[in-house]
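A.B. asks: Could you look at this predicted model? Sequence included:
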Amino acid sequence: MATLGIVIAIVIYLAALLIMGATFAKENHTVGDYYLGGRKLGPFVTAMSAEASDMSSWLLMGLPGVAYATGICDVFWTALGLGIGTYVNWLLVAKRLRKYSEKNNSVTIPDFFENRFRDKSHTLMLISSLIIVVFFVPYVGSGFAACGKLFSSLFGLDYTIAMLASAAVIIGYTATGGFMAASVTDFIQSIIMTIALIAVVCFGLSTVDGIATVSTYSNSLDGYISLTAMHDFESASRVSYGGIITIISTMAWGLGYFGMPHILLRFMAIEDPEKIKLSRRISTVWVFIAMGVAIFIGVMTRTMVHEGAIGELVDSERAIVIIAQTLAEHSFIASLLAGVILAGILACTMSTCDSQMLAASSSVSENILHETFGINLSEHMQMVMARVVLVIIAAIGVIIARDPNSSVFGIVSFAWAGFGAAFGPIMLLALFWKRANKYGAIAGMIGGGVMIFVWKFGIKPMGGIFGIYELLPAFIVALILCVVVSLLTPAPEKEIVEEFESIR
């Protein structure tokens, strides 16, 4: 009975996604519709779809897992950096990018870079498109793997079958419905995530007699509720977090927002630029509350284990899964609610996967094949090519995900750093510094992307101060390269400067 309720809830959820994909397929008349939704996103859909596509399964699995394992210190500084990054990205980038991208007729991020700097050689477009493919295709694969692991562990299915089934659903509604289907489903998925968070907290607190029990036990663990230390459960002692450098490095996650293609595309697609302030408020409030609740769930789960409400976790990132399975044992209605909670974990992953597939697909079909290599097709055939490329990219993701031991969160961290360093500084300078030119943009983009690999695999293993998150040094390198090379090369043409100054 417990499993039946979970299955019913998840099947209804997945079927609804496919229906929405088929519905929005009728709205896609041009490639611009397919990749940018005709710039028709309302403020609520823009805000929530952007944040749903941002969070991935990290929200319902990663944050609670780290909080459960070591306490609130690490996740607090990470969440604070992400929350600040969310707000600043909406405040600085959203409105100007929306207006600028419409002014120069850009429907993808590579489009915007090429049009902003008038790069007739297509070098910027090719480099930025390849960066999107390099970092997003494995990212998509990790999402498929996460879904496969969830279904496999819940229902005892073969991992490969579970992974292929979940991938088929994501591919189905994204390939048919395009950007609008992905955005609207992401909006709905953000609601499901919210319900999941609330349901887990309510059930968890009911099993330990309220928040006072959580507070008492958590504070009894030395360093567990601290912003400068962590708790080591093996030695039952306090461990220093690492000082100001470590905190800055952790908060640097927030820099990644300035370069995330799937989030920036939401900015470009909003219908009314004047409603971006409303979107900013909605997204910022939701992000801070959602991350705060997710951290609390990790702390609460530790208390649930101590009180005997659930068993000791073998994998800390399965905290919400275990809580949902425990809830499902109470009644059929409870099992339906547990299914909604587990659908929330799927929603986190799917809302990121669909956006990444679209971004990678647009980079290959529109930017590389059509614009860089000049493959000219009719509007109908461009739509066909867009869908075919998306399916091919998804198929590569499936191949990557065939290994059940794929590292989901390692890939997420690395891809986040890659986009943040390669695109973030260039996006900020493109929007706010009229002296920036294509030579600086190319140098910064390549330098930031290369430094991610150099720092991650060459410098970071040295430890000490070099153990900081690779996004921070790579972001700084890209920023310096873009500024220095721009100043050492010819200034932008008058036409470029006039367009820059016309954006208000």
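C.D. replies: In hand now; what should we look at?

A.B. asks: Strands of the stretch 101-250 of the chain, residue ranges please.
C.D. replies: 229-232, 237-240 (DSSP state E, counting those that start in this stretch).

A.B. asks: of those, which approaches V45 most closely?
C.D. replies: Taking Cβ to Cβ, strand 229-232 is the member of these nearest to V45, at 38.5 Å. Just so you know, the C-beta spots here come from the backbone N, C-alpha and C atoms, and that holds for glycine as well.

A.B. asks: how close does the residue lying closest to G85 once chain neighbours are set aside sit to F296?
C.D. replies: Spatial nearest neighbour of G85, chain neighbours left out: G254 (2.6 Å); criterion: Cβ to Cβ, 6 or more residues apart in numbering. Distance, G254 to F296, by Cβ to Cβ, to the nearest Å: 21 Å.

A.B. asks: can you check F414 too?
C.D. replies: 28 Å.

A.B. asks: Ends of stretch 486-497, what's the gap?
C.D. replies: Criterion Cα to Cα, to the nearest Å; first-to-last residue distance in stretch 486-497 is 14 Å.

A.B. asks: tell me which residues in stretch 496-504 are buried?
C.D. replies: Residues of stretch 496-504 classed as buried: I496, E499, F500, I503 (neighbour count, 16 or more other Cβ atoms under 10 Å).

A.B. asks: The residue most central in space within the chain sits in which helix or strand?
C.D. replies: The central residue of the chain, meaning the one whose C-alpha is nearest the mean C-alpha position (Cα atoms, centre = their mean), is D54 at 2.8 Å. Taking DSSP states H and E as the criterion, D54 maps to helix 43-55.

A.B. asks: Ramachandran coordinates for G308?
C.D. replies: phi 80, psi 10 (degrees, to the nearest 10).

A.B. asks: residues near it, how many?
C.D. replies: Look at G308: counted by other Cβ atoms under 10 Å, it has 9 neighbours.

A.B. asks: For it, give me the pLDDT.
C.D. replies: With respect to pLDDT, G308 scores 93.

A.B. asks: What distance do you get for it to V389?
C.D. replies: G308 is 52 Å from V389, by Cβ to Cβ.

A.B. asks: Comparing F414 and F296, which shows the higher neighbour count?
C.D. replies: It is F296, of F414 and F296, that has more neighbours when counted by other Cβ under 10 Å, with 22 against 19.

A.B. asks: residue contacts, the nearest residue to the more buried one once chain neighbours are set aside?
C.D. replies: Nearest residue to F296, sequence neighbours excluded (Cβ to Cβ, 6+ apart): V201, at 6.8 Å. V201 is in contact with V293, F296, I297, M300, counting by Cβ atoms under 8 Å, 6 or more residues apart in numbering.

A.B. asks: Number of residues surrounding the third one?
C.D. replies: In terms of burial, I297 registers 25 neighbours under the definition other Cβ under 10 Å.

A.B. asks: still on that earlier bit, check contacts around the residue nearest to G85.
C.D. replies: Counting by Cβ under 8 Å, 6+ apart, G254 has contacts G81, L82, G83, I84, G85, T86, V88.

A.B. asks: Could you rerun that using 6 Å?
C.D. replies: By Cβ atoms under 6 Å, 6 or more residues apart in numbering, the contact set of G254 is G81, L82, I84, G85.

A.B. asks: Skip the chain neighbours and tell me the closest residue to the residue nearest to the centre of the chain.
C.D. replies: I263 (5.7 Å).

A.B. asks: Angles on the backbone of the one you found, please.
C.D. replies: Dihedral angles (degrees, to the nearest 10) for I263: phi -80, psi -40.

A.B. asks: Make a markdown table from the buried residues of stretch 496-504 and add secondary structure, pLDDT and distance to L472 to it.
C.D. replies: Shown next, in a markdown table, are the buried residues of stretch 496-504 (DSSP: H, G, I helix; E, B strand; the rest coil; pLDDT from 0 to 100; distance: Cβ to Cβ, whole Å):
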| residue | secondary structure | pLDDT | distance to L472 |
| --- | --- | --- | --- |
| I496 | helix | 95 | 30 |
| E499 | helix | 95 | 32 |
| F500 | helix | 95 | 28 |
| I503 | coil | 92 | 29 |
